[in-house]
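[1] one predicted model, sequence on top.
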There are 2 protein chains.
Amino acid sequence: MAQFVHPATKDITLSGVLAALADPIRLQIIRGLLQESGCLSCTAASPCPTIAKSTLSNHFRVLREAGLVQTSKKGVEHQNAVRAADIEARFPGLLMAILQSSVAEAEAGAAA
Amino acid sequence: MAQFVHPATKDITLSGVLAALADPIRLQIIRGLLQESGCLSCTAASPCPTIAKSTLSNHFRVLREAGLVQTSKKGVEHQNAVRAADIEARFPGLLMAILQSSVAEAEAGAAA
DNA sequence: TCAATAGTTCGGAAGTATGGGACTATTGAA
DNA sequence: TTCAATAGTCCCATACTTCCGAACTATTGA
């Protein structure tokens, strides 16, 4: 297993990023990671405890392959961090706009 | 068939928008529509002539249901327009950020 | 060495995309 | 009115992805 395959910054695709963030669970994972200033284990980053481990593992694989998170093995856990700087370098403003939209949507939903 | 069902502005979801734009073909359709200042027929908006009509129709259905385009019947054709103002009202800056990222990606690809 | 914990991988069920062909609706000509 | 042409949609079969449970691997600690 060793280390995971992460795409280079230049290999991050817009479609990949959008597809990864189109899933509400994955978007929440990213939001959670950013709130905790990065570095959470997979289960700690799960937005909802009923999700099966295998499903969660799959979500993290998608996020890794999209270039959104960097995973490194640390003992028995995996440390996950958002590659915010890489995303910003490749697609300036994109991640911020999506996260702000996510907040806007949550607020509108709460107000309704 | 009459008119199509378009979601209200407040019913546009972030996941729906991201999922719709995660497909490169649909993203190109949106870019094409915006370049032509809206209003293109379905086949005219197709980025590539080899796509089957049924597939194209399906892409437009996804875009409509996501709230990204407004389709109205005009004679034998369908007029498609991007709901830029609605998207901007619901998710300020989002569409612009995605489109700019799309341009950035195309330029980086061309430079490589 | 054995148990516990954190993730990954495998396999089946359910949902989703693609494209071919048939269908509907409008237009224009005979 | 009737017929052909054109623009899209609907239906179906095939192929691919997603989700979850179960089995597996790797690390830690007793």
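    The structure has been received and is ready for your questions. Residues are numbered from 1 along each chain as shown, chains lettered A, B, ... in the order given.
[2] lowest-scoring secondary structure element of chain A by mean pLDDT?
    Every helix and strand of chain A was ranked by mean pLDDT, DSSP states H and E. The lowest is helix A:42-45, at a mean of 76.
[3] now check that helix, is it near DNA strand D?
    No. Between helix A:42-45 and DNA strand D, judged by Cβ under 7 Å from any atom of the strand, nothing touches; the nearest distance is 12.9 Å. From N, CA and C alone the C-beta is placed, and that goes for glycine too.
[4] what's the neighbour count on residue A:75?
    Number of residues near residue A:75 (other Cβ atoms under 10 Å in any protein chain shown) recorded here: 7.
[5] could you check the pLDDT of it?
    Note for residue A:75: predicted pLDDT of 79.
[6] before we move on, back to that, how far is the least confident helix or strand of chain A from where the chain is centred?
    Relative to the centre of its chain, helix A:42-45 is centred 11 Å away, using Cα atoms, centre = their mean, to the nearest Å.
[7] just the C-alpha atoms of it, please, in PDB.
    Extracted C-alpha coordinates of helix A:42-45, given in PDB (Å, rounded to 0.1, in the frame of the first residue of the first chain):
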ATOM      1  CA  CYS A  42     -10.900   9.200   7.400                       C
ATOM      2  CA  THR A  43     -13.500   8.300  10.100                       C
ATOM      3  CA  ALA A  44     -13.000  11.600  11.900                       C
ATOM      4  CA  ALA A  45     -13.700  13.400   8.700                       C
END
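[8] which parts of chain A sit against DNA strand C?
    So chain A meets DNA strand C at A:1, A:4, A:41-44, A:53-54, A:56-58, A:60-61, A:71, A:76-78 (Cβ under 7 Å from any atom of the strand).
[9] from those residues, which land in strands?
    Residues from those lying in strands, with DSSP state E as the criterion: A:71, A:77-78.
[10] so where's chain A uncertain?
    Applying pLDDT under 70 to chain A flags residues A:1-3, A:37-38, A:112.
[11] which residues touch the spatially most central residue of chain A?
    Closest to where the C-alpha atoms of chain A average out (Cα atoms, centre = their mean) is residue A:30, at 3.6 Å. Shown in contact with residue A:30 (Cβ atoms under 8 Å, 6 or more residues apart in numbering or on different chains): A:21, A:63, A:68-69, A:82, A:99.
[12] adding secondary structure, write those residues out as CSV.
    Output for these, formatted as CSV (DSSP: H, G, I helix; E, B strand; the rest coil):
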residue, secondary structure
A:21, helix
A:63, helix
A:68, coil
A:69, strand
A:82, strand
A:99, helix
